[in-house]
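**Student:** Okay, sequence plus prediction incoming.
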Amino acid sequence: MALPGVQVLFAFLLVVPFNQRFPSVSDFDRKLYLGTLLCAAGASALLIAPTVHHRVVFRRQDKENLVVVANRLTLVGMALLAVAMTAAIVLVTDVLFGPATTIAAGALVGLMFAVLWYAVPLRRRASLDR
């Protein structure tokens, strides 16, 4: 389910430098853009990798390893996706608004991902392990 989202974000980021306003962005925004683009590319690679692995080892009786590796790749890919989405929010708000709005938006979005994607399921996992 996350794959279409990361693909849309990655596509959006690929066209940003061709916008007429991009040459006038600050050095910070250029560096942030590059970091965001690289995180989105990394998330895409990690989220697509389990499908490729499945195709490569299909019918080789390696399901347990495939599931473990796919889970790890997906968790790291989702973390990179959260970073990329948070950084994209920071980039957009830094171009459109002042530093206070940028910091607030970035912190709120980052916290939202941390709580919803990691804290809540990790708390549930801990309660199940008890």
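**Tutor:** It's in. Residues are numbered from 1 along each chain as shown.
**Student:** any idea of the mean pLDDT in the lengthiest helix in the chain?
**Tutor:** Longest helix in the chain by number of residues (criterion: DSSP state H): helix 63-96. Across helix 63-96, the average pLDDT comes to 96.
**Student:** Quick one: neighbours of the residue nearest to residue 83 when sequence neighbours are not counted, just the number.
**Tutor:** Leaving aside its chain neighbours, residue 83 sits nearest to residue 39 (4.8 Å; criterion: CB to CB, 6 or more residues apart in numbering). In short, each C-beta sits where N, CA and C put it, glycine included. Other residues near residue 39 come to 24 when the count uses other CB atoms under 10 Å.
**Student:** Please identify which helix or strand holds residue 39.
**Tutor:** Element membership of residue 39, judged by DSSP states H and E, is helix 27-56.
**Student:** so who does the residue positioned nearest the centre of the chain touch?
**Tutor:** Centroid-nearest residue in the chain, with CA atoms, centre = their mean: residue 81, separated by 0.7 Å. Contact analysis of residue 81 by CB atoms under 8 Å, 6 or more residues apart in numbering lists 2, 5, 6, 9, 39, 40, 43, 47.
**Student:** list the contacts for the second one?
**Tutor:** If I follow you right, that is residue 5. Residue 5 neighbours (CB under 8 Å, 6+ apart): residue 81.
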